[in-house]
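A.B. asks: Fold the following and give me the result.
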Amino acid sequence: MVHHKRFRLLVCVSFLLFVAVAANAQATRTWVSGVGDDVNPCSRTAPCKTFAGAISKTATNGEINCLDPAGYGSVTITKSITIDCEDTQGSILASLTNGIIINITSPTDTKKAVRIRGISINGAATGINAIRVMAATNVSVEEVVIDGFTTSGITVEGSAQVAVRNSSIRATLTGINASPASGTADVTVTGSSIAFNTNGITAGTNGTVRFGGNTIAYNTNGIGGSGKLFSFGNNVLDANATNGTPTSTTPLK
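C.D. replies: This next block holds a predicted model:
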């Protein structure tokens, strides 16, 4: 009888450990849907509802995909990850807050890399920053639409390399702001539209912005700041109240 009780106890303990491990397991790829639920495992057939819910169930260097064009909420990213909603155009409504905060400081995360693709981030005219890069090694922003933020569309506040491609940033105080509080920020902007902002592109002290093939128009100030602004010479920089002048122009090679 004692042996049977011990056996049953061992089985119960093993089952609970299995459930705990399964609950904490992280998938390489997870999914979100407007009809999902954050208690789900974030699989394709049982998706989560928000980016914040999915990120805790996604492994470092993994990927979150959108099943439909719903709103998935603001998110803070503290590990290397991809959020890719290409073809579904997932979105974030970030009224009175930041859309995406990137702050990767863990020494075990060797890449410290974030990829954001195919989403719309709407501040509803009261949002703070659409994408706030506080700490990362590199960040890729592709085919992202940003609108209605009171501070910045994309702000780089620490050392990071940021590549922005084929994106639209409008109706912000500053479209792209490379002004690190410490370290150096290096931002490349290509094939993008930066319009209807107070400041289109700003490079602060220890900030560098390289830009080519963009339309920078209808801003109060097109480009400016105390940092470095390197043009590839093929931008449309016009129709701003003050266009500004790049630090230097480097022809395409």
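A.B. asks: which residues sit in contact with Ser74?
C.D. replies: Contacts here follow C-beta atoms under 8 Å, 6 or more residues apart in numbering; on that basis Ser74 touches Phe51, Ala52, Ile92, Ala94, Thr97, Asn98, Gly99, Ile100, Ile101. Every C-beta, even on glycine, is put in place using the N, C-alpha and C of the backbone.
A.B. asks: so the second one sits in a helix?
C.D. replies: Read it as Ala52. Yes: Ala52: assigned to a helix according to DSSP: H, G, I helix; E, B strand; the rest coil.
A.B. asks: ok now do the residue lying closest to it once chain neighbours are set aside, which residues does it touch?
C.D. replies: Here the nearest residue to Ala52 in space, its sequence neighbours aside, is Val75; by C-beta to C-beta, 6 or more residues apart in numbering that works out to 4.9 Å. Val75 is in contact with Thr50, Phe51, Ala52, Ile55, Ile83, Ile92, Ile100, Ile101, counting by C-beta under 8 Å, 6+ apart.
A.B. asks: so which helix or strand takes in the fifth one?
C.D. replies: Secondary structure here is read from DSSP states H and E; on that basis Ile83 sits in strand 81-84.
A.B. asks: For that strand, which helices and strands make contact with it?
C.D. replies: Other helices and strands packing on strand 81-84, by 3 or more C-beta pairs under 8 Å, 6 or more residues apart in numbering; DSSP states H and E, are strand 58-66, strand 113-117.
A.B. asks: Could you export those as TSV, including distance to Asp38 and mean pLDDT?
C.D. replies: Shown next, in TSV, are the helices and strands packed on strand 81-84 (distance: least, C-beta to C-beta, whole Å; pLDDT from 0 to 100):
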stretch	distance to Asp38	mean pLDDT
strand 58-66	13	98
strand 113-117	20	98
